[in-house]
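J.: Provide a 3D model corresponding to the input given below.
(one chain, ligands or ions: 1)
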Amino acid sequence: MVIKTATFVSSNTRIDKLPAPEMPEYAFIGRSNVGKSSLINALTGRRHLAKTSQTPGKTQVINHFLINDAWYLVDLPGYGFAKTSKSNRVAWEKFIRRYLLQRESLQCVFVLIDSRHDPQRIDLDFCYWLGENGIPFMLVFTKADKQTRTKSDANIDKFRKALLQWFEEVPQHFLTSAETRMGCEPLLDTIDDINRN
Ligand code: GDP
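T.: Predicted structure coming up:
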């Protein structure tokens with residue numbers, strides 16, 4: 001898919017203020033620092049569309065970007081801040097879970113996972129919750145340029161095996177790098193395919 005236009009639409013702290021659900025939308029989520037903003041910028045070819053390295057604990061917002069006047073790319077707040085308070089965490093969960101469960105135009109959630117690490121409980125739990133609730137998701141392993149392909153593949157394999165303890169099938173995955181744009185075209189083409197069907 002060629003990205004012709006990518007524009008910021010809105011930043012919301014409330015579900016009832018989100019743009020009307022008139023376009024298919026794709027949400028990106030992951031632990032803070034997983035490389036979400038960098039990947040969104042790499043996917044769209046806009047260096048500063050999503051703001052990188054937001055301070056943990058800041059107001060949690062849902063950002064909508066309109067792509068090619070045809071679909072929304074949605075930047076969800078990161079989870080797993082080491083320093084956040086319990087009340088912040090609970091508020092995050094309520095807000096995001098409500099969005100994920102209720103957003104009728106949501107086509108797929110892209111769960112970002114750092115390809116350098118062994119499977120992390122928080123990522124596995126989140127995938128489990130999505131699966132249990134019937135929310136379609138795919139896995140996006142980030143920062144592939146930071147280590148060898150063998151190492152990334154080994155971590156992907158471990159993550160998939162961990163999910164197979166719960167699910168009969170593991171969703172599609174992508175290995176990406178915001179630095180080299182590895183994996184960006186396959187991911188965008190997948191969105192294109194879903195939009196066409
Ligand atoms: P976010 O908190 O998930 O939005 O993460 P950011 O996009 O702000 O990235 C966190 C840090 O990882 C920043 O220092 C980025 O430059 C770095 N980073 C993100 N993606 C990549 C990548 O694909 N390759 C490399 N080498 N660094 C990355």
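
J.: So which bits of this structure are right by the ligand?
T.: Residues of the chain lying close to the ligand (C-beta under 6 Å from any ligand atom) are 30, 32-38, 52-53, 78, 142-143, 145-146, 177-179. No exception for glycine: its C-beta is placed from N, CA and C like everyone else's.

J.: Just the buried ones from those residues, in PyMOL syntax?
T.: The buried residues among the residues of the chain next to the ligand can be selected in PyMOL (16 or more other C-beta atoms under 10 Å) with this line:
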select buried, resi 30+32+33+34+35+36+37+38+78+142+143+177+178
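
J.: Show me the residues of the chain next to the ligand that map onto strands.
T.: G30, T142 (DSSP state E).

J.: where are the low-confidence patches of this structure?
T.: By pLDDT under 70, the low-scoring segments of the chain are 52-59, 81-84.

J.: looking at it, which residue ends up farthest from its center?
T.: The centre of the chain is farthest from one residue, T150, which by C-alpha atoms, centre = their mean lies 23.6 Å away.

J.: Which of the helices or strands spans that residue?
T.: Assigned by DSSP states H and E, T150 belongs to helix 149-164.

J.: need the contact list for the residue nearest in space to the middle of the chain.
T.: In the chain, the residue lying closest to the centroid (C-alpha atoms, centre = their mean) is F28, at 2.1 Å. Each residue near F28 by C-beta atoms under 8 Å, 6 or more residues apart in numbering is listed here: K36, L39, I40, L73, V74, D75, L76, V109, F110, L112, V140.

J.: Contacts for the helix holding T150, please.
T.: Contacts of helix 149-164 (C-beta under 8 Å, 6+ apart): 113, 115-119, 123-124, 127-128, 139, 141, 144, 170, 173, 175.
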